[in-house]
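Trainee: My questions concern the predicted model and sequence given below.
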Amino acid sequence: MSVFAGHRLTCIRGQRVVFRDLSFEVNAGGLLLLVGANGSGKTSLLRLMAGLLAPAAGVICWDGDDVRRDAETFRGVMRYVGHLDAVKPALTVAEHLRFWAALQIAPGSPAQPEVTTALEAFGIAHLAELPGRFLSAGQRRRLALARLLLVPARLWLLDEPRTALDTAAVARLDAAIADHRRTGGVVVLSSHAGERPPEATVLNLDDFAAAATEAWGWREAW
Amino acid sequence: MFAPSGQVARMSRFANPNRFLRWSDRLVPWLATVTGVLFAVGLYWALVASPPDYQQGESVRIMYVHVPAAWMALFCYTAMAGAAAVGLIWKHPLADLIAKATAPIGAAFTLLALVTGALWGKPMWGTWWVWDARLTSVLVLFFLYLGYIALNSAFDEPGRGARASAILALVGLVNVPIIKFSVDWWYTLHQPASVIRLEGPAIHASMLWPLLLMAAAFTSYYFWVLAVRVRGEIMAHKIRALRLRQAYG
Amino acid sequence: MARGVVSATLAVIRRDLRLAFRHGSDSLGAVVFFVLAVVLFPFGVGPGQEVLARIAPGVIWVAALLAAMLSLERLFQTDFEDGSLELLVLSPLPLSLLVVAKVLAHWLTTGVPLLLASPVLAVLLGLPTEGFGLLLAALALGTPSLSLVGAVGAALVLGARRGGVLVSLLVLPLYIPILIFGVAAVDAAITGVAARPPILLLAGFLAAALALAPWAAAAALREAVA
C-alpha cells in the first residue's frame, strides 16, 4: 500500500482552476517528481500536500489517514522547503537550526538535534557562527535544506530545491535524498530542469490542467 | 479509504449563483415596489400626518429617519457578521458576497444616523455634536464598517479579502457589546448635567406607527439594494472568469 | 509531548526576544515615539501645570496606544516576508500557542518599555503622585491587551496593500475600551474615587482577549500563508 497518496484533488487559486482530478501515490522510499509548465500548479500541489492550502475537492492521505484530520501529527512527520529560505539576517546559522529543531515536537524525535551533522551534510559547518545577513543565496539555500536532516521526518516536500545551488551542493542534496529514501523516506520534488532522479515517479501537471479549457466553471466551483 | 470531501457538491447545492440570479431577477422589482410604497406612506405619515412633539416641536420628525437608520446600522452589522461566519465556516461563496454587499449599505445607514443625529442635536442641545454615549457608539460602529470595507478590498485575490474581513467582522461582533458598554460607562462617568436625555415618556401610538412603518421601509430598502448589489458582485465575478478563460483558453 | 510544546513555545519567545535585541533600534522606536508624542502636548496646549495634570492620564494612554499600534508591524510582517511564517505554521506547535508566544515576546519588547517610560512622562506632565501607582497598574494590565488585540489586526493585514495604514483602521476602534478603562483608573485615583471597577474591567478585558485573540489571529495567519 502507498504511504503518501492524493485522490482526485482539485485546486482553485483566485478564480482559476489550477488542476483538477489529480491523483498520486508514493511508496516508502519513493520519489515523486512534479514537472510541468510555469503556472501548471507544481508549487500549489506542494503547498496542498504540506497543508498550507486546502483542496477544493479530494483528499490527501498519509499511512491511509486523511492528513487534515490530524494535521498536527502530520506536520511532525513532514518537512517543507519552499521558495523562501526563512533566514533571519540577525541570527547565526547554528541559531537558526537550533530554533527549528526546538519547534519540531513530534514524539520520538531525538532530544539533542544534530546541528553539526546537518550542517556538514550540506557543507556549511564552517559557517555555523555566521549571522544570516552574510550568507550568499546558495548558502542560505543550503541552510534551508539542512533543516531536513535536523530532526528526522519521513516525508520531504521540496519546491525546486536546486535553485541557487552549485554543482557540489546539488550532489550533496542528491546524496541526502538517496540516503533518506534508503531508510524508507518519501520525497516529493518539483523541478523545471530536465533531470530525472533514479526510480522516480513522474507526475506531469500539464495532464491535469483543467484551466486550459474551462477557467473557473460556475457549475463545479459554485 | 478515500472519502471524497464533498465540498464542491455541497457548494453547488446551496449557493448556485445562477439560481440566485434567476430568483433575484424576479424579486428585485417586487422589493423596489414594496420599498417605494412603504417610503411614500411612511414619509407622509411621519412628516405631515403625525403630530409634532409637545416638547421638541417639529424637529421630532428627524426621529423618523434617525431611529430606523440607527436600527439598520446595527441590523446590517449583525447580518454582515452572520453572513461572513457562514462564508468562513461553510465556504459558502454567496454568503461572502452578501457580507461584502451589506457593508457599504450598513455604513451608509450608520452615516445617516450620525448626520441626522447631529441635525437633531442642533435644536435639542444647541450644538451639532455632543459626546453622547449613543452618538459615540455609533461613530465607533462607523469606523468598524470602514475597517471591514478597507480590509475586504485590500487584497489582490478577492477570496483572501473575503476571509480576512470575515474574521474581522466576527472579532468586531464580539467587541461591539464591549465597546458599547465601555462607552456607556465612560459617558456616565463624565456626563455633563445640562444635556437633556433622549428618553422621554413612552412614545405615543400616533408616533410609534409611522416610526415602525419607516423601519419597515428601511428594511425593505436594505433587501432591495442588497439583491441589486449581490447581482452586481456575481456579474463582476463572471467577467473575471471570462477574462481568465480568454487568457488560458 | 507536553514538555515538547512548552520548550517549543519558549524557543519562539527566545528567538523573538533575540531578534528584538539584535535589532535594538526597532524596539526602541516605539518608546521614543511614545516619549516624543507625549512631549509634544505641552507645546500644543501650553505649559500650564493644571491643564497638563488634568489631561496627563489621557495623553499618556493615547500615546501608548499609538506606540503599541506602530510596533505591530514587527509582529508578523518580517516572518511573513522571509518565509519563516510558513514554517512556523507548519510546525507541530498549535498555531494559537505560537501567537501567544509571539505576543508575549512583543509585549516584553514594547509593552514593558512603555511601562517603564511612563513614570518619567507622568512627572513631565505633572500628574498628581496619587495617580502614579494606578497608571502603572493600568498600563501593566492594558498593554498586554493592546498586543493581543493588535496581533489580530497585524495578522489580518499580512499581504494586503497599504497594510500599515490599514492596521490602524482595524485596531484603533477595538482599543477604545482599553483606553476608557485605563484612563478612568488613573482619574479615579487622582479624584479619590474607587479605582477598583476600571482595574477589574481592564483585567476582564485582558482575560477575554487572552481567550479569543490568539484563536482569531491563528485563523488569520492560516489565511495569510494559504
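Mentor: Yep, that arrived.

Trainee: which other residues reach the longest helix anywhere in chain A?
Mentor: Secondary structure assigned by DSSP state H gives helix A:167-182 as the longest helix of chain A. The set of residues external to helix A:167-182 that reach it, using Cβ atoms under 8 Å, 6 or more residues apart in numbering or on different chains, is A:29-31, A:121-123, A:138, A:141-142, A:145, A:148-149, A:156, A:161-162, A:165, A:187, A:189, A:197. Where C-beta positions appear, they are placed from N, C-alpha and C, glycine not excepted.

Trainee: After whatever helix or strand residue B:124 lives in, which helix or strand is next? Please name it.
Mentor: Assignment of secondary structure by DSSP states H and E places residue B:124 within helix B:93-125. The helix or strand immediately downstream of helix B:93-125 is helix B:133-152, counting by DSSP H and E.

Trainee: Pull that following helix out as PDB, backbone CA atoms only.
Mentor: Presented in PDB, the C-alpha positions along helix B:133-152 are these (Å, rounded to 0.1, in the frame of the first residue of the first chain):
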ATOM      1  CA  ALA B 133     -22.900  57.800  24.600                       C
ATOM      2  CA  ARG B 134     -25.100  56.700  21.800                       C
ATOM      3  CA  LEU B 135     -23.600  59.000  19.200                       C
ATOM      4  CA  THR B 136     -20.100  57.900  20.200                       C
ATOM      5  CA  SER B 137     -21.000  54.200  20.000                       C
ATOM      6  CA  VAL B 138     -22.500  54.800  16.500                       C
ATOM      7  CA  LEU B 139     -19.400  56.700  15.500                       C
ATOM      8  CA  VAL B 140     -17.200  53.700  16.500                       C
ATOM      9  CA  LEU B 141     -19.600  51.400  14.600                       C
ATOM     10  CA  PHE B 142     -19.000  53.500  11.600                       C
ATOM     11  CA  PHE B 143     -15.200  53.000  11.900                       C
ATOM     12  CA  LEU B 144     -15.700  49.300  12.200                       C
ATOM     13  CA  TYR B 145     -17.600  49.300   8.900                       C
ATOM     14  CA  LEU B 146     -14.900  51.400   7.300                       C
ATOM     15  CA  GLY B 147     -12.300  48.900   8.500                       C
ATOM     16  CA  TYR B 148     -14.200  46.000   7.100                       C
ATOM     17  CA  ILE B 149     -14.700  47.600   3.700                       C
ATOM     18  CA  ALA B 150     -11.000  48.600   3.600                       C
ATOM     19  CA  LEU B 151      -9.800  45.100   4.500                       C
ATOM     20  CA  ASN B 152     -12.200  43.400   2.100                       C
END
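
Trainee: Of all the residues in that helix, which ones are buried?
Mentor: B:133, B:135-152 (16 or more other Cβ atoms under 10 Å in any protein chain shown).

Trainee: And it, what does it pack against?
Mentor: With contacts taken as 3 or more Cβ pairs under 8 Å, 6 or more residues apart in numbering or on different chains; DSSP states H and E, helix B:133-152 sits against helix B:63-90, helix B:93-125, helix B:158-190, helix C:163-191.

Trainee: so which of the ones you listed comes closest to chain A?
Mentor: Ranking the helices and strands packed on helix B:133-152 by proximity to chain A (Cβ to the nearest Cβ) places helix B:93-125 first, at 5.8 Å.

Trainee: Just checking that closest one against chain C, any contact.
Mentor: No. Applying Cβ under 8 Å from any Cβ of the partner chain, one finds helix B:93-125 out of contact with chain C, separated by at least 12.4 Å.

Trainee: how far is that helix from where the chain is centred?
Mentor: Here helix B:93-125 is found 6 Å from its chain centre; the criterion is Cα atoms, centre = their mean, to the nearest Å.
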